[in-house]
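Peer 1: sharing a sequence plus its predicted fold:
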Amino acid sequence: MKRIFLLTMLAALLLAACAPPAAPVPGEPADNDIDNDALVVMTHDSFAVSENVVAAFEAENDVDVVFISSGDTGAALNKAILSKDAPLADLFFGVDNTFLSRALDAGIFEPYDSPMLGVIPDEFKLDPENRALPVDYGDVCINYDKAYFIENDLPVPQTLEDLTQPGYAELLVVENPATSSPGLAFLLATVAHFGPDGYLDFWAMMEDDGVSVTDGWETAYYTNFSASSGRGPQAMVVSYATSPAAEVIFADTPLDDAPTGSILGPDTCFRQIEFVGILKGTQHRALAEKFVDFMLSTQFQEDMPLQMFVYPVNPEAQLPEAFLKYAQVPTQPASLAPEDIAAHRDEWIQAWTETVLK
Amino acid sequence: MRRFFSWLPALLFLGLFFFYPLAKILAVGVGSSLFIAPESLQIGFRALRFTLYQAALSMLLTLLVGLPAAYLFARYGFRGKSLLRALTAVPFMLPTVVVAAGFNALLGPRGWVNLALMNFFELQSPPVTILHTLGAILLAHVFYNTTIVIRVVGNALVHLDPRLEHAARLLGATPARAFREVTLPLLRPSILAASLLVFLFDFTSFGVVLLLGGPTFATLEVEIYIQALHMLNMPVAALLSLIQLLCTLAFSVLYSRSVTRTVVQVAQRPAETVVRQAKRWRERLFVGSMVALLFALFILPMAALPLRSVSRLEAARGERAIVQTGLTGDYYRELFVNRRGSRFYVPPIRAAYNSLEYAAITVVLSLLLGFPVASALARPKRLDRLLDPLLMLPLGASAVTLGLGFIVAFNRPPLALLGSPWLVPLAHTMVALPFAIRSLQPALAAIPERYRQAAAMLGASPLRTWFAVDWPIVSRATLAAATFAFTVSLGEFGATSLLARPEYPTIPTAIYRFLSQPGGLNYGQAMAMATLLMFLTTAGIFLIEKLRLPGAGEF
């Protein structure tokens, strides 16, 4: 009875199904589908770079660079691991030291001894085989609301132990290490400082003092933190050492001083280092090598700070003025060996969850 | 045979873009010994218990608000009705992070409600603490899903012949009894359909639980997200996904069993004849209090966003408590400036354009695929009943699992689709399709067969019959289906973030990008972008509902 109608529908559907590869979506540039000669870089959502910097590389090497990003660090890395038999890209950027062992164990990278590695300090080179090469670093630190501490005549805590002192109850918001990368980094800082046997006592005290926990950085910073635009209830938040600089650069009204500061005591910060690697099975090995060299060159390294709010690993790169003025670098950041993190991460997160959330 | 052909497009589509990638990704996890380890099962059991509990509670509360609201919109005419109706659909597509910001501005520790109460009663601490409680999850679920009940049940109600109720009244039934024994049984299929959709949405709830419920609550979907993307533990993620899918399948089977038994064919009436003005004081009270409730529930939390997008909070140093507000258009202006010369900068118009384009493709695809299936389901035979529950499965599949499935399934020829912008509307269609079918099916089922037979007797061709009989009656349901597809696509974030290319962000992905860095300007721009999204959706829904389709004028 409705045969004609159904046949029309079917024909329309078949047409629609056949169309995509041939016809680009109207109004979008014609190079929608990644063309075979392009150099493809897989990365996470937070990746950003200046147009002119990439354009310079593209012009010099006569190649298009395409970035595919998916979710946060974990999502992007999982994507790379799951597709390792038929890699979607030539390079992967954005695996950090908390996930590094996972990436190396999965064998997604090919080693590359970049000539640029000569200038990079050894502290950043965590993979002796150079499958993953360091590109940038940043410190996860506690940010505090300067105005709150002045108003209430309260000294700013200087160490992790200070946080458990009277007067700081209910003032800190942290992210859940099971769902957030800065949350995990801060948990690792406490493990590094108090040791695998002591960190839970610290967290039990923090729990008694009413520490707030959110799922991720966005909620912690914009909903809970009192110095952000969200005007939340907590005066301290786990964020990054560069966040105060970002507050100045992205201020509503020009500011001459950052409204927030970072607590830079011993082990209060955890250093995250991000790596790039050439994906196994790339068809563009030579170009991929050039891109790695380019990422380590001063041109790219000087572009990163204001794009991604991270520090260059190349010491020859000049920092922007706002960084020199408002961002601080901790002198004694906490760190743990990537193998340690890989071996115990799940167990530490589990124990933390039992202590703080249950 | 004909029935088989009605199913073919939808089944091909689901087979290729749902079952195939899902099977691929589950296969990654199933082989491992962790898959059925006791501790994995324990995680699954714990998450399942909470998931069922909150979903059942949320569904009941949503029906409690949604059914009277559906009655209000179907039976009464009042000023601002279309706008209010369109606004109730807006939450459905708002990204959770934005809704969380709205609720926080309203009910948070320094929200309007608490500030007002603290001022009035001179309290020291905020009296309302709802964030990070089960209450916040339930409230948000009602906020999100009431529109499903309003649309699905409302459409059935609006075409119900009021003479049936009148007849019952004439025979001496009280209004309550007439409603209970006449109207309610006739509405049963649509109420069941709406309940199932609401339940499944609450069952797979993710952002709401994560952001508003806080880290002490975890549904299956949240647990899958943690296991798959943060622990990189695919076996456990696969197990949880499978539990979630099986539950979805079970609910859908239950649903299709109970619904196919209860369809009653009745003569339908044009919508105009059942809408009336509230005259008696009881009716006025009902209309007045429902409008007030909907206003408080839907407009207030959303009003915070546009307000925030044009106001600047300037706190003088050291006087954080005194927040001065100033009006500003800066955030909107700033949206059009590529201040950092970024490769991935996209003007808001472009993001809006991407979003609208994806939404338009989603609408067309879901209607094309949904219509034949809904027609077959309207007069179900054995085959239809068997296949029916499969359609709901995409609603129960975790976006994370499916997104990862796409990566495993479509990364090499001949299906090297990754990176193609078509994947985004395809993924959206999968979520929108069950809505389209469930909106169309009750309407199609209620068309008396003798109308069609009469048309055929009078010499109309099948096509003509369809246009002369089916179409005028289902055109409203088609609009509802289109509205759902449109909003689902505009607001979808999970799958989009895994599949979209950074050069082609949608509005929700653009909002998240702003919120991922500190600074007042970023926050303001996120609010401005969210306001744009709200405006676009409201306008879109408003237009869809106002659209008078040719031949549909009477109904």
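Peer 2: Arrived safely.
Peer 1: who are the contact partners of the closest residue to chain B within chain A?
Peer 2: Closest residue of chain A to chain B, Cβ to the nearest Cβ: residue A:250 (2.4 Å). C-beta here means a position set from N, CA and C on the backbone, and glycine is covered the same way. By Cβ atoms under 8 Å, 6 or more residues apart in numbering or on different chains, residue A:250 lies in contact with B:517, B:518, B:519, B:520, B:521, B:522.
Peer 1: which element follows the lowest-mean-pLDDT helix or strand in chain B toward the C-terminus?
Peer 2: Among the helices and strands of chain B, strand B:323-327 carries the lowest confidence by mean pLDDT, DSSP states H and E, at a mean of 60. Per DSSP states H and E, the first helix or strand lying C-terminal to strand B:323-327 is helix B:330-335.
Peer 1: what's the closest non-adjacent residue to the residue of chain A closest to chain B?
Peer 2: residue B:519 (2.4 Å; Cβ to Cβ, 6 or more residues apart in numbering or on different chains).
Peer 1: please report how far that neighbour lies from residue A:253.
Peer 2: Separation of residue B:519 from residue A:253 (Cβ to Cβ, to the nearest Å): 12 Å.
Peer 1: do the same with residue B:73
Peer 2: 44 Å.
Peer 1: who's more crowded, these two?
Peer 2: residue B:73 (25 against 11; other Cβ atoms under 10 Å in any protein chain shown).
Peer 1: wait, that one sits on residue B:81?
Peer 2: Yes - here residue B:73 lies in contact with residue B:81, judged by Cβ atoms under 8 Å, at a distance of 6.9 Å.
Peer 1: pLDDT score for residue B:188?
Peer 2: As predicted, residue B:188 sits at a pLDDT of 85.
Peer 1: for the host helix or strand of it, name the packing helices and strands.
Peer 2: Using DSSP H and E, residue B:188 falls within helix B:184-203. Helices and strands touching helix B:184-203, by 3 or more Cβ pairs under 8 Å, 6 or more residues apart in numbering or on different chains; DSSP states H and E, are helix B:38-75, helix B:134-158, helix B:234-260, helix B:382-396, helix B:423-445.
Peer 1: swap the cut-off to 10 Å and go again
Peer 2: Judged by 3 or more Cβ pairs under 10 Å, 6 or more residues apart in numbering or on different chains; DSSP states H and E, helix B:184-203 is in contact with helix B:38-75, helix B:134-158, helix B:207-211, helix B:234-260, helix B:382-396, helix B:423-445.
Peer 1: among those, which comes closest to residue A:49?
Peer 2: Closest approach to residue A:49 among the helices and strands packed on helix B:184-203 (Cβ to Cβ): helix B:423-445, 23.0 Å.
Peer 1: got the contact list for residue B:250?
Peer 2: B:389, B:396 (Cβ atoms under 10 Å, 6 or more residues apart in numbering or on different chains).
Peer 1: kindly provide the distance from it to residue B:56.
Peer 2: Distance of residue B:250 to residue B:56, computed by Cβ to Cβ: 14 Å.
Peer 1: go on, residue A:169?
Peer 2: Noted for residue A:169: a distance of 37 Å to residue B:56, by Cβ to Cβ.
Peer 1: now the angle from the host helix or strand of residue B:86 to helix B:38-75?
Peer 2: Element membership of residue B:86 [criterion: DSSP H and E] is helix B:81-89. Angle of helix B:81-89 versus helix B:38-75, following axes from the mean of the first three to the mean of the last three Cα atoms, to 10 degrees, is 180 degrees.
Peer 1: who does helix B:81-89 touch, helix- and strand-wise?
Peer 2: By 3+ Cβ pairs under 10 Å, 6+ apart, helix B:81-89 packs against helix B:38-75, helix B:134-158, helix B:281-294, helix B:471-491, helix B:520-546.
Peer 1: ok, then the element right after the longest one?
Peer 2: Pointing back at helix B:38-75 there. Criterion used, DSSP H and E; the element after helix B:38-75 is strand B:76-77.
Peer 1: mind checking the SS state of residue B:453?
Peer 2: Under the three-state scheme (DSSP: H, G, I helix; E, B strand; the rest coil), residue B:453 adopts helix.
Peer 1: residue B:447 is in contact with that one, correct?
Peer 2: No - checked against Cβ atoms under 10 Å, the pair residue B:453 and residue B:447 is beyond contact range at 11.3 Å.
Peer 1: give me the common contacts of the two.
Peer 2: Common neighbours of residue B:453 and residue B:447 (criterion: Cβ under 10 Å, 6+ apart): residue B:469.
Peer 1: the spatially closest residue to residue A:49 that is not a sequence neighbour and residue A:211: what is the separation?
Peer 2: In space, and not counting its chain neighbours, residue A:49 is closest to residue B:343: 5.1 Å by Cβ to Cβ, 6+ apart. From residue B:343 over to residue A:211 the distance is 39 Å, taken as Cβ to Cβ.
Peer 1: and if you look at residue B:91?
Peer 2: According to Cβ to Cβ, residue B:91 and residue A:211 sit 31 Å apart.
Peer 1: same question for residue B:408.
Peer 2: From residue B:408 over to residue A:211 the distance is 39 Å, taken as Cβ to Cβ.
Peer 1: same question, residue A:186
Peer 2: 11 Å.
Peer 1: more neighbours: the two, which one.
Peer 2: Neighbours were counted for residue A:186 and for residue A:211 using other Cβ under 10 Å; residue A:186 has more, 25 against 21.
Peer 1: was I right to think the more buried one contacts residue A:142?
Peer 2: Yes - using Cβ under 10 Å, residue A:186 is in contact with residue A:142, at 7.8 Å.
Peer 1: can you check which residues contact both of these two?
Peer 2: Common contact partners of residue A:186 and residue A:142 (Cβ under 10 Å, 6+ apart): A:160, A:172, A:174, A:238, A:239, A:268, A:269.
Peer 1: dump the residues you listed to TSV, plus pLDDT.
Peer 2: Formatted as TSV, the shared contacts of residue A:186 and residue A:142 follow (pLDDT from 0 to 100):
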residue	pLDDT
A:160	94
A:172	95
A:174	95
A:238	96
A:239	95
A:268	93
A:269	95
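Peer 1: could I get those as JSON lines with neighbour count?
Peer 2: Shown next, in JSON lines, are the shared contacts of residue A:186 and residue A:142 (neighbours: other Cβ atoms under 10 Å in any protein chain shown):
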{"residue": "A:160", "neighbour count": "22"}
{"residue": "A:172", "neighbour count": "25"}
{"residue": "A:174", "neighbour count": "27"}
{"residue": "A:238", "neighbour count": "27"}
{"residue": "A:239", "neighbour count": "27"}
{"residue": "A:268", "neighbour count": "26"}
{"residue": "A:269", "neighbour count": "29"}
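Peer 1: out of these, who's near chain B?
Peer 2: When contact is defined as Cβ under 10 Å from any Cβ of the partner chain, those meet chain B at A:174, A:239.
Peer 1: anything in the one helix or strand residue B:349 maps to near chain A?
Peer 2: Assigned by DSSP H and E, residue B:349 falls within helix B:348-378. Yes - applying Cβ under 10 Å from any Cβ, one finds helix B:348-378 touching chain A at B:350, B:353-354, B:357-358, B:361, B:364-365, B:367-372, B:375-376.
Peer 1: quick one: mean pLDDT for that helix?
Peer 2: For helix B:348-378, the mean per-residue pLDDT is 89.
Peer 1: and the angle for that helix with helix B:423-445?
Peer 2: Using the same axes, to 10 degrees: helix B:348-378 against helix B:423-445 is 40 degrees.
Peer 1: between helix B:348-378 and helix B:520-546, how many degrees?
Peer 2: 40 degrees.
Peer 1: list the buried ones in helix B:348-378?
Peer 2: For helix B:348-378, a neighbour-count test (16 or more other Cβ atoms under 10 Å in any protein chain shown) marks B:348, B:350-378 as buried.
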